[in-house]
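Enquirer: Next one to model:
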Amino acid sequence: VNSTFGNVHGAIMNGFDAGVVLVIMFSGASWALGHRTKALEILIGVSCGYILSRHAIDIRDFLKGI
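Expert: Model (predicted):
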């Protein structure tokens, strides 16, 4: 995406990547401290959210083409 939206989207996604890493680290710490089920919930949630946000442009373009 070569536009202002692409630049803004790229900047936001760079920040989002850092946030995802921090959440994964928090989940690992939770697991290490004995909160296995909560850690798995966090990991599944952040994984699904990350995949959806990373492919938001692709999903948008696919839905436009329908």
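
Enquirer: Geometric centre of the protein: which residue is closest?
Expert: Tyr50 (2.0 Å; Cα atoms, centre = their mean).

Enquirer: what's the distance between it and Lys64?
Expert: For Tyr50, the distance to Lys64 equals 23 Å [Cβ to Cβ, to the nearest Å]. In this view, the C-beta of every residue, glycine as well, is placed from N, C-alpha and C.

Enquirer: quick one, what contacts the residue nearest to the centre of the chain?
Expert: Tyr50 makes contacts with 16, 20, as judged by Cβ atoms under 8 Å, 6 or more residues apart in numbering.

Enquirer: so it is in which element?
Expert: For Tyr50, the host element (DSSP states H and E) is helix 36-54.

Enquirer: Quick check: next helix or strand after that helix?
Expert: That would be, after helix 36-54 and using DSSP H and E, helix 56-64.

Enquirer: Mind giving me the packing neighbours of that next one?
Expert: Under the contact definition 3 or more Cβ pairs under 8 Å, 6 or more residues apart in numbering; DSSP states H and E, helix 56-64 sits against no other helix or strand.

Enquirer: what angle do it and helix 36-54 make?
Expert: If you take axes from the mean of the first three to the mean of the last three Cα atoms, to 10 degrees, helix 56-64 sits at 60 degrees to helix 36-54.

Enquirer: For helix 56-64, what is the distance to the chain centroid?
Expert: Its chain's C-alpha centre and that of helix 56-64 lie 17 Å apart, by Cα atoms, centre = their mean, to the nearest Å.

Enquirer: Which of the residues in that helix are classified as buried?
Expert: Neighbour counts over helix 56-64 (16 or more other Cβ atoms under 10 Å) mark no residue as buried.

Enquirer: Which pLDDT value belongs to the closest residue to Phe16 other than its chain neighbours?
Expert: Distance criterion Cβ to Cβ, 6 or more residues apart in numbering; nearest residue to Phe16, sequence neighbours excluded, is Ser53 at 6.2 Å. Ser53 is assigned a predicted lDDT (pLDDT) of 91.
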